[in-house]
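> Any chance you could fold what I've pasted below:
(one chain, ligands or ions: 1)
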Amino acid sequence: MKLAYFSLSLLLLGAGVSTIMSHTQNDQLKSRAEQTNYEETSRYEDVMRFIGELQKRTDKLRVESFGKTEEGRDLPLMIFADPPVSQPREARASSKPVIFIQANIHAGEVEGKEATLHLARRIATGDLRSLLNNLIILIAPIYNADGNEKISLNNRTAQNGPIGGVGTRENAKGFDLNRDYMKLETPEANALVGLFNRWDPSLTVDLHTTNGSYHGYHLTYAPTLNPNADARLIAFERNKMLPAITRSMLKTHKFRIYYYGNFATKERMNREMNSFEMQRSGTEAQPAEKPETKIWRTFDHRPRFGNNYCGLRNRLTILSEAYSYLDFKGRVAVTEAFVEEIFKYSALHADEITALIKRLDDDAIRGGVAQQGVEFELKALDKPVDILVGEVEKVKNPRSDKMMTGMVENKFTPTPMPDYGLFAATKSVACPRAYIFRNEDGMKTAIAKLLAHGIAVEELTEPLTVEVESFVIDDVKKAARQFQGHAEVKLKGHTQKETVQFPAGSILIRTSQPSASLIFYLLEAESDDGLVTWNFLDPYLEKGKTYPIYRLTSEVKAPGRLK
Ligand SMILES: [Zn+2]
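Have a look, this model is predicted:
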């Protein structure tokens with residue numbers, strides 16, 4: 001009896017200890033959002049600690065630093081694979097698609113950071129482990145790490161929590177990382193594009209929060225919007241992937257999601273489209289418009305935005321915008337569910353995704369990229385769409401006493417209106433077989449940018465005399481207003497054929513590369529988001545002068561070597 005009693009107490013004691021142990025362990029595996037009942041968001045140290053805790057519990061996770069921020073913080077990348085991989089070549093050898101999730105590019109929009117930590121926990125130790133049978137998953141939970149550490153109650157005050165404040169939109173030097181994909185001036189964007197060059201994700205998902213119109217969706221999304229991206233890529237996203245994910249979000253999670261947009265007037269839309277000043281400042285800067293104006297319009301086609309940039313690299317991409325008036329806990333939940341459904345769709349269609357990407361790359365390498373746009377306009381879908389118009393109320397933030405805007409979650413009115421969700425080119429030119437220019441001091445930045453984008457750059461080892469298309473500049477238009485430290489430039493001109501002598505050392509960029517569309521966008525004289533736009537070629541740009549980069553319209557056979 002006594003012995004039995006003794007054993008029983010040991011048993012009870014043992015059970016007690018293990019309960020306490022697992023309780024403590026579980027606490028360590030909670031995000032700061034969970035630990036604070038969604039009043040606060042994770043700091044950099046919280047994220048790093050969480051990742052470390054995950055690594056104590058799984059051998060399927062490797063962590064690399066994919067670069068450093070302006071202020072010197074390491075940018076963590078979680079690499080999930082089964083069997084584990086540490087290097088891109090191992091990922092390629094596995095033939096599984098690499099799916100990349102990036103959060104916190106705007107560090108005031110913090111739910112993606114918490115959601116990716118929760119998803120990482122489920123992949124490492126929970127119900128999402130089996131995704132690794134079909135996918136390699138990369139997660140960068142805190143891309144704008146410097147901005148994240150500038151948490152304040154004064155940032156994004158209308159957003160419905162977290163009430164403990166959020167970080168800043170910009171990086172430490174005031175640059176918007178989601179406008180830096182083409183010009184690559186921040187260490188963060190250089191690190192990210194370096195990651196693209198090395199890991200080459202088949203799909204990149206970029207997590208944000210809205211702050212525009214009062215609509216009735218929990219989350220909105222955008223695929224690549226630039227029609228220069230391969231039509232098959234756009235068709236896969238718009239006709240297959242996104243509709244299937246939208247259905248499962250409603251069915252499985254009861255979340256309403258749709259293509260990103262804002263309510264606008266037709267007059268305002270036309271004004272913006274015709275403005276050289278490029279007032280369209282993107283996804284989050286537009287004030288809410290009254291819904292009775294009855295147009296739903298998407299944001300911008302230019303590749304300075306990540307979703308459009310990835311499309312020009314021939315890769316799938318989804319922009320996610322949680323609705324900023326949904327409360328913080330709800331935004332974390334909807335973002336987590338959206339990424340979960342993206343994972344599940346990708347796992348189910350892994351072979352199709354891999355085959356699609358290979359087909360696109362093969363065709364681009366064979367010189368299959370033909371016409372490419374240089375000017376664009378918004379285009380409506382064929383039919384009006386029932387857009388959900390939402391309602392909001394004021395909610396007080398008890399920590400700051402400021403008024404936040406809250407979604408009235410189940411009050412929404414389906415309202416038919418034109419959906420300007422697409423872009424079409426209004427002016428196109430043929431993609432040349434190659435671009436060529438003299439290797440002068442003034443072109444050093446151009447060469448550095450091309451290399452940073454992972455583009456193959458060749459240096460001629462012998463002189464070359466060849467017939468080219470040259471662009472004679474008729475007009476140089478410079479924006480009066482500075483944007484991201486630049487006065488954006490737009491050229492007008494005409495082309496002519498001539499025979500030009502290029503000395504040894506001249507630079508040749510063939511478009512027979514997977515990122516042919518990106519090469520075109522960077523180098524074409526009339527591009528609206530290329531080297532011209534961002535002042536990298538300013539000394540050459542004058543009315544009557546010849547643009548320094550020439551087009552070669554037939555196949556090039558010339559001795560050269562890769563830089
Ligand atoms: Zn954003």
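> When you work out contacts or count neighbours from here on, use the C-alpha atoms and nothing else.
Will do.
> Surely residue 74 and residue 68 touch.
Yes: in this structure, residue 74 is within contact of residue 68 by CA atoms under 8 Å, at 4.6 Å.
> Now for residue 398, how many residues are close by?
Residue 398 has 10 neighbouring residues, counting by other CA atoms under 10 Å.
> Give the burial count for the nearest residue to it once chain neighbours are set aside, as a bare number.
In this structure, residue 398 finds its nearest non-sequential neighbour in residue 163, 7.3 Å apart by CA to CA, 6 or more residues apart in numbering. By other CA under 10 Å, the residues close to residue 163 number 24.
> Just the pLDDT for residue 163.
Looking at residue 163, its pLDDT reads 97.
> Could you do the one 10 residues further on as well?
As predicted, residue 173 sits at a pLDDT of 97.
> Spatially, what comes nearest to it if we skip its sequence neighbours?
Once flanking residues are discounted, residue 173 sits nearest to residue 70: 7.4 Å by CA to CA, 6+ apart.
> OK, contacts around the one you found?
Taking CA atoms under 8 Å, 6 or more residues apart in numbering as the criterion, residue 70 is in contact with 146, 171-173, 186-188.
> Tell me the spacing between the nearest residue to residue 153 once chain neighbours are set aside and the ion.
Nearest residue to residue 153, sequence neighbours excluded (CA to CA, 6+ apart): residue 165, at 4.3 Å. Distance, residue 165 to the ion, by CA to the ion, to the nearest Å: 16 Å.
> And for residue 165, the neighbour number?
Using other CA under 10 Å, residue 165 has 24 other residues around it.
> isn't it right next to residue 152, touching?
Yes: using CA under 8 Å, residue 165 is in contact with residue 152, at 5.0 Å.
> Can you name the residues that contact the residue nearest to residue 153?
By CA under 8 Å, 6+ apart, residue 165 lies in contact with 40-41, 151-155.
> Show me how to select, in ChimeraX, the buried members of the residues you listed.
The following ChimeraX line selects those of the contacts of residue 165 that are buried, judged by 16 or more other CA atoms under 10 Å:
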select :40,41,151,152,153,155
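> and which of the contacts of residue 165 is nearest to the ion?
Nearest to the ion, judged by CA to the ion, of these is residue 155 at 13.2 Å.
> Tell me, what's the model's pLDDT at the nearest residue to residue 255 once chain neighbours are set aside?
Closest residue to residue 255 apart from its sequence neighbours, by CA to CA, 6+ apart: residue 249 at 5.4 Å. Reported pLDDT at residue 249 in the predicted model: 98.
> so who does residue 522 touch?
Residue 522 makes contact with 182, 529-532 under the criterion CA under 8 Å, 6+ apart.
> shaky segments in this structure?
Low-confidence segments of the chain (pLDDT under 70): 1-26, 273-293.
> ok, which residues in it are in contact with the ion?
With CA under 5 Å from the ion as the criterion, the chain comes near the ion at residues 106, 208.
> so which residue of the chain comes closest to the ion?
Going by CA to the ion, the ion is nearest to residue 208 of the chain, at 4.4 Å.
> Could you pull up the residues touching that residue?
Applying CA under 8 Å, 6+ apart, the residues near residue 208 are 103-106, 109-112, 319-322.
> Nearest to residue 373 among these?
Of all those, residue 373 sits closest to residue 319, with 22.1 Å by CA to CA.
> Tell me if I'm right that that closest one and residue 225 touch.
No: with contact defined as CA under 8 Å, residue 319 does not count as touching residue 225 (10.3 Å).
> Those two: who's more crowded?
residue 225 (26 against 22).
> which residue packs closest to that one, ignoring adjacent ones?
Using CA to CA, 6+ apart, the nearest residue to residue 225 is residue 301, at 5.1 Å.
> Quickly find the element holding the one you found.
Using DSSP states H and E, residue 301 maps to neither a helix nor a strand.
> okay but it is in contact with residue 229, surely?
No: if you go by CA under 8 Å, residue 301 and residue 229 don't touch, sitting 10.5 Å apart.
> for the residue nearest the centre of the chain, what are its contacts?
Central residue of the chain (CA atoms, centre = their mean): residue 306, 3.3 Å from the mean position. The contact partners of residue 306, by CA under 8 Å, 6+ apart, come to 178-179, 181, 206, 319.
> what do you get for residue 399?
Contacts for residue 399 (CA under 8 Å, 6+ apart) come out as 163-164.
> quick one: secondary structure of it?
coil (DSSP: H, G, I helix; E, B strand; the rest coil).
> Could you do the one 5 residues further on as well?
Under the three-state scheme (three-state DSSP), residue 404 adopts strand.
> Okay, and the beta partners of it?
Taking DSSP bridges, one obtains residue 395 as the residues bridged to residue 404.
> from the chain's centre, how far out does stretch 353-363 sit?
20 Å (CA atoms, centre = their mean, to the nearest Å).
> got the buried residues for it?
Within stretch 353-363, the residues scored as buried using 16+ other CA under 10 Å are 353-354, 356-357, 360-361.
> Output those in TSV, with secondary structure and distance to residue 328 appended to each entry.
Formatted as TSV, those follow (DSSP: H, G, I helix; E, B strand; the rest coil; distance: CA to CA, whole Å):
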residue	secondary structure	distance to residue 328
353	helix	33
354	helix	35
356	helix	37
357	helix	36
360	helix	39
361	helix	40
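> What segments of the stretch 101-250 of the chain are strands?
Using DSSP state E, counting those that start in this stretch, the strands of the stretch 101-250 of the chain run over 136-140, 203-209, 219-222.
> wait, residue 384 sits on residue 416?
Yes: if you go by CA under 8 Å, residue 384 and residue 416 touch, sitting 5.8 Å apart.
> So for stretch 222-234, what gets flagged as buried?
222-230, 233-234.
> Tell me which of those residues fall in helices.
233-234 (DSSP state H).
> Turn the buried residues of stretch 222-234 into a markdown table, including distance to residue 121.
Shown next, in a markdown table, are these (distance: CA to CA, whole Å):
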| residue | distance to residue 121 |
| --- | --- |
| 222 | 26 |
| 223 | 27 |
| 224 | 29 |
| 225 | 32 |
| 226 | 35 |
| 227 | 37 |
| 228 | 38 |
| 229 | 34 |
| 230 | 35 |
| 233 | 31 |
| 234 | 32 |
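> Identify, from the buried residues of stretch 222-234, the entry nearest to residue 202.
Closest approach to residue 202 among the buried residues of stretch 222-234 (CA to CA): residue 233, at 10.9 Å.
> OK, contacts around that closest one?
Residue 233 neighbours (CA under 8 Å, 6+ apart): 311, 314-316, 356.
> switch the cut-off to 10 Å
Applying CA atoms under 10 Å, 6 or more residues apart in numbering to residue 233 gives the contacts 223-224, 311, 314-317, 353, 356-357, 360.
> The helix or strand containing residue 376 pairs with which strands, parallel or anti?
Using DSSP H and E, residue 376 falls within strand 371-379. The strands beside strand 371-379 in its sheet (DSSP bridges) come out as strand 422-430 (antiparallel).
> Residue 405 and residue 325 touch, don't they?
Yes: between residue 405 and residue 325 there is a contact at 5.6 Å, judged by CA atoms under 10 Å.
> Next, give me the two most distant ones among the contacts of residue 233.
Among these, the pair separated by the greatest distance (CA to CA) is 223 and 360, at 16.9 Å.
> My read is that residue 249 contacts residue 338, right?
Yes: under the criterion of CA under 10 Å, residue 249 is in contact with residue 338, at a separation of 6.8 Å.
> Can you tell me the closest non-neighbouring residue to residue 537?
In space, residue 537 is closest to residue 531, 6.5 Å off (CA to CA, 6+ apart).
> same check, this time on residue 527
Residue 527's closest residue in space is residue 374 (CA to CA, 6+ apart), at 5.1 Å.
> Pairing partners for the helix or strand containing residue 318, with directions?
Element membership for residue 318 (DSSP H and E) is strand 316-322. Partners of strand 316-322 in the sheet, by DSSP bridges, are strand 203-209 (parallel), strand 219-222 (antiparallel).
> How far away from the center of its chain is it?
Centre-to-centre, strand 316-322 and its host chain are 7 Å apart (CA atoms, centre = their mean).
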